[in-house]
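Asks: Using only what follows, build the 3D model:
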Amino acid sequence: MPWHFILDTLARICIVYTFFKSGIKNSLNSQPVIGMIASKNWPYPKAIFFATLALFFAAPIMIVFHIYAWLAAMGLLIFTLLSNIFFCTYWKMDANSRPMTEFLFDANIAIIGGLLLISAAYI
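Replies: Prediction:
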């Protein structure tokens, strides 16, 4: 088996791991997540939650198995970008609460970079 294939598959698994894990965790305890979505005054928080859940389960499988991986990566990228803008607002927090949320914001930027690399492989 060529090293390129092994490393590519491992990289894809690492990039999508957090989404798949979040999908499992959030499906087991949905109310806090739905409440967080509702707190941003978004319409239909339950529908948004279930659409996100579908994305968190389908996109990682699509990316790992190269099934419209660029489309799945773009879906996760858009989700991650919106999540950063609306939920990781560290610049609005006090100094004590800020470091962890800022770290999550920065980590999401790294994930976006990985998703862009996956998409770039198909251009």
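
Asks: Low-confidence ranges, this protein, go.
Replies: Residues of the chain that meet the criterion pLDDT under 70 lie in 1.

Asks: just the helices in it please.
Replies: All helices of the chain, identified by DSSP state H, fall at 3-28, 31-39, 45-64, 69-87, 98-120.

Asks: Between helix 3-28 and the fourth one, find me the angle.
Replies: If you take axes from the mean of the first three to the mean of the last three CA atoms, to 10 degrees, helix 69-87 sits at 50 degrees to helix 3-28.

Asks: Sort out which residues of helix 69-87 are buried, please.
Replies: Neighbour counts over helix 69-87 (16 or more other CB atoms under 10 Å) mark 69-70, 72-77, 79-80, 84 as buried. (Glycine included, C-beta is placed from N, CA and C.)

Asks: Out of those, flag the one nearest to residue 35.
Replies: Taking CB to CB as the measure, residue 79 is the one of the buried residues of helix 69-87 closest to residue 35, at 18.4 Å.

Asks: pretty sure that closest one contacts residue 54?
Replies: No - in this structure, residue 79 is not within contact of residue 54 by CB atoms under 8 Å, at 11.2 Å.

Asks: Overlap in contacts, these two.
Replies: In terms of CB atoms under 8 Å, 6 or more residues apart in numbering, residue 79 and residue 54 are not both contacted by any residue.

Asks: ok, now which ones touch residue 80?
Replies: Residues in contact with residue 80 (CB under 8 Å, 6+ apart) are 108, 111-112, 115.
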